[in-house]
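Q: Based on what follows, work out the 3D shape:
(2 chains)
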Amino acid sequence: MITFDEATKKPLPTPDTDSAAFWSGLKEGKLLLQHCLDCGNVQYYQQGMCRRCGGERLEHRAASGRGKVHSYSVVYRAPGPAFKRDVPYAVLLVELEEGPRMISSLVGAKPESVTFDMPVQLVCEKASEEITLPRFRPA
Amino acid sequence: MKHKDTLRGKVAVIGAGLSPVGRVPGRSPLWLAADAARKALAEAGIDKRAVDGVLSSHAFAAPFHRFSIAFSEYFGIQPTFSNTLQVSGATAATLFAVGAAAVAGGLAETVLVVGGDSLLTGLSPDLALRSMTESRDQQYEMPFGIPVSNTFAMTAHRHMKEFGTTPEQFAEVAVVHRRHAMRTPGAQMTAPITVQDVLGSGMVTSPYHKLDCSLISDGAAAFVITSAERARSLGARKPVYILGAGECYTHEHIFLMPSLTTTGAAVSSRNAYAMSGYGARDMDVAGIYDCFTGTVIMMVEDLGFCPKGEGGRFVADGQITYGGAIPANTHGGLLSFAHSGMPGALFHFHEVIRQLRGECGERQVTGAKLGLVHSLGAGFATNATCILGTEDTL
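A: This next block holds a predicted model:
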C-alpha cells in the first residue's frame, strides 16, 4: 500500500543496466539515442538489443535536440500530490528529428501556448545529483 | 482467423451477478467480489462446489499478489484452475477469452470470472490516482507527471488535429452515457447533463474536462461460464454463447504507440469477428470501454462501426444510442454507471449479457441477439474484444 509521504515525492528514474548510459549522458547535456549498426534502426529508449532486428551492436549517439510536438496534453489536475504545485503543465509527445518519439514536458513558455507540430529544443534540467531530465522549450 | 478449430459457441455464460456499485463504504474488494459471485451462482442455479475454475482481475484496494487465490479462500472454494490476469483495462475481455479457452480445452468445467475493487472508498482520491499513475513507466514517463489519463488525452488530441473531432462531440458521448445511466437501477450518476455542462466542468488534462472522464467507484461483477453441453444439461435459462475473441498488444510506452489515432482494437476486433463469423454490421448492441469520451469515438471507428475519422460525427448523429447503428453502453458505462478499476469493464459484459437475454426492461434493445464487448487499457497498449450471442446465433 502506498503511504501519503511516498505519494508526495516526485518519482525520479532509477537507472538500470539497460539505461545507465542514457541517464549519465543527460548529466553531460546529451540525449543519447541508440543507433543499430546492423540494421540502421534508431531507438529511444535504451535497451540491450535492437527492437527491430535483435542485434546487439548498438551505438550511442547524441540527438540534435531538435524535434516537434506530435501531440500534447495540458495537465490541470495533478496525478497525485507530488505534481500539485506544478499545474498547469504541458506534457509533450515529442517527435525527434532522428525519428523516435519521447514523452517530456514543456519549459520556458506558458503551457497553453503549445500547438501541434510546434518546433521544440532540448533543455537538460537537473532534478537531483544523479538525475537530469530531458525537457523541451519552444525552438 | 488464425485457426479453424476455435472456441466459437463451445462455451456459455449461464449466470451473471453484480455487487452494489458506486459508493459502497465498509465493503472490501473481496466482499464485493464474493457478493457478485454468489449472485451469479444463484442465477446459474449451481452450488459453489461445482466451480472448478476461478479467473479474476487484480484489485488496487486489496493488493494481493494473487487476487484469484485470495478470492477462492474468502469464498470457501478450492479450484483446480485459476489465475489473476493483468492487462489493465483490457483484462475483462481476456478473462472471458481465457475462461472460454480453459473450458473448451478441458482445463476446467465451470469457471467463475470475477473482479471487484473499491477505488472510491477503499483508497483516498489522491492515492487512488497515484495507484493509477504507478502503472506508467517510472523512467521514461512518470518523471514528467503523466497520469494514465494524459496518455488517452494525447490520443484524443491528435484525433482532433487529424480529423477535426470537436470538444462538443466528445461531450456528446458523456451526455449519451448519462442518459443511459438514468434508466439503470443502481447507477452511480443519474442527474441529467448537457454538452455545456461537460464543457464547463473544468479541464482535467486537455482536451478532457472532468465530465469527459470516467468515474471512480466501488463494485464487483461475476459470471459463471461452462461448456455449451453442460449449460444444456443443467437446463440453463437463456445461455449466452461466446462466439469470438481477439486481443492485440501494440506497445507499452505511449511514445511507441505506432499511431495515436488507430489502435490495436482494429486488430483485436477483426480477429474476434472472424472467429464469430459475424461482422460489425451484425452487432445489435455493444459494450465499449469508455474510460474517456474520446476513447469511445476512436473505438467506434476501430471496431468497424464507422470509417476512420468519422467517430465524432457518428456519435453526434445519435448512432451510439437507441435507434442508432449500435446502441452502446446502455447501462451508462464507466462514465456514468460505475468504474471500479479493472472490474469496471466487467459491467459492460454484464449489460450486454442482460441485453442478449432480454432482461433490460426499459433499457432493452429490441430483439438483441449479437453483442460486442471491447475492453482496453494503459493508453491503448492493451485491447481485447469478445463477441457474444444468443442460441439463435450459433
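
Q: so B:Val373 touches B:Ala93, yeah?
A: Yes: applying C-beta atoms under 8 Å, one finds B:Val373 in contact with B:Ala93, separated by 6.0 Å. Bear in mind the C-beta positions are built from the backbone N, C-alpha and C, glycine included.

Q: how many neighbours does B:Asp47 have?
A: For B:Asp47, the neighbour count with other C-beta atoms under 10 Å in any protein chain shown is 10.

Q: quick one, what contacts it?
A: For B:Asp47, the contacting residues are B:Leu41, by C-beta atoms under 8 Å, 6 or more residues apart in numbering or on different chains.

Q: B:Leu388 belongs to a strand, doesn't it?
A: Yes: counting by DSSP: H, G, I helix; E, B strand; the rest coil, B:Leu388 is found in a strand.

Q: residues touching it, list them.
A: So B:Leu388 contacts B:13, B:240-243, B:349, B:352-353, B:356, B:370-373 (C-beta under 8 Å, 6+ apart).

Q: Keep only those residues that also lie close to chain A.
A: Among these, proximity to chain A is found for none (C-beta under 8 Å from any C-beta of the partner chain).

Q: so what sits against both of B:Val373 and B:Ala93?
A: With C-beta under 8 Å, 6+ apart as the test, B:Val373 and B:Ala93 both reach B:Ala345, B:Phe349, B:Thr385, B:Cys386.

Q: Relative to chain A, which of the residues you listed is nearest.
A: B:Ala345 (21.4 Å; C-beta to the nearest C-beta).

Q: Using the three-state scheme, assign A:Glu95.
A: strand.

Q: returning to what we had before: which of the contacts of B:Leu388 sits closest to B:Phe223?
A: Nearest to B:Phe223, judged by C-beta to C-beta, of the contacts of B:Leu388 is B:Val13 at 5.4 Å.

Q: Run a quick neighbour tally on the residue in chain B that chain A sits nearest to.
A: Per C-beta to the nearest C-beta, B:Pro147 is where chain B lies closest to chain A, at 3.2 Å. Residues lying near B:Pro147 (other C-beta under 10 Å) number 26.

Q: Ok, the one 3 residues further on next?
A: Other residues within reach of B:Asn150, judged by other C-beta under 10 Å, total 28.

Q: Which part of chain A gets nearest to chain B, residue-wise?
A: A:Pro79 (3.2 Å).

Q: Using the three-state scheme, assign that residue.
A: A:Pro79 - assigned by three-state DSSP - is coil.

Q: Nearest residue to it in space, please, no chain neighbours.
A: Excluding the flanking residues, the one nearest A:Pro79 by C-beta to C-beta, 6 or more residues apart in numbering or on different chains is B:Pro147, at 3.2 Å.

Q: wait, that neighbour sits on B:Tyr208?
A: No: with contact defined as C-beta under 8 Å, B:Pro147 does not count as touching B:Tyr208 (10.9 Å).

Q: give me the element the spatially closest residue to B:Leu394 that is not a sequence neighbour is part of.
A: If the residues on either side of it in the chain are set aside, B:Leu394 comes closest to B:Gly9, at 4.7 Å by C-beta to C-beta, 6+ apart. Assignment of secondary structure by DSSP states H and E places B:Gly9 within no helix or strand.

Q: which residues touch B:Gly9?
A: B:Ala228, B:Tyr241, B:Ile242, B:Leu243, B:Leu394.

Q: part of a strand, is A:Arg137?
A: Yes: assessed by three-state DSSP, A:Arg137 belongs to a strand.

Q: and the nearest residue to B:Gly202 once chain neighbours are set aside, what does it touch?
A: Leaving aside its sequence neighbours, B:Gly202 sits nearest to B:Lys210 (C-beta to C-beta, 6+ apart; 5.0 Å). Applying C-beta under 8 Å, 6+ apart, we find B:Lys210 in contact with A:Arg77, B:Ser201, B:Gly202, B:Val204.

Q: Can you report phi and psi for B:Lys210?
A: Main-chain torsions, B:Lys210, degrees, to the nearest 10: phi -50, psi -40.

Q: May I have the predicted confidence score for it?
A: Note on B:Lys210: pLDDT of 97.

Q: What's the separation between it and B:Ile146?
A: 19 Å (C-beta to C-beta, to the nearest Å).

Q: A:Val94 now?
A: From A:Val94 to B:Ile146 the distance is 13 Å (C-beta to C-beta).

Q: Spit out the residues that contact those two alike.
A: A:Ile103.

Q: picking up where we left off before, who's more crowded, B:Val373 and B:Ala93?
A: Shown here are B:Val373 and B:Ala93; by other C-beta under 10 Å, B:Ala93 has more neighbours (31 against 27).

Q: residues in contact with the biggest helix by length in chain A?
A: Counting residues, the longest helix found in chain A (DSSP state H) is helix A:20-27. Residues outside helix A:20-27 that contact it (C-beta under 8 Å, 6+ apart) are A:13, A:15, A:31-32, A:45-46, A:60, A:62, A:124, A:130-134.

Q: which of the residues you listed come close to chain B?
A: Answer for these near chain B (C-beta under 8 Å from any C-beta): A:Pro13, A:Pro15, A:Tyr45, A:Ile131, A:Leu133.

Q: Most widely separated two among those residues?
A: Maximum distance among the ones next to chain B among the contacts of helix A:20-27 (C-beta to C-beta): 14.6 Å, for A:Tyr45 and A:Ile131.

Q: Looking at those two, which one has more neighbours?
A: A:Tyr45 (20 against 17).

Q: got a list of what the more buried one touches?
A: Applying C-beta under 8 Å, 6+ apart, the residues contacting A:Tyr45 are A:Ser19, A:Phe22, A:Met102, B:Gln139, B:Tyr140, B:His253.

Q: would you list every one of the helices in the stretch 51-200 of chain B?
A: B:67-75, B:91-104, B:125-133, B:148-163, B:167-181, B:195-199 (DSSP state H, counting those that start in this stretch).

Q: partners of B:Thr84 in the sheet?
A: Note on B:Thr84: beta-bridge partners B:Ser56, judged by DSSP bridges.
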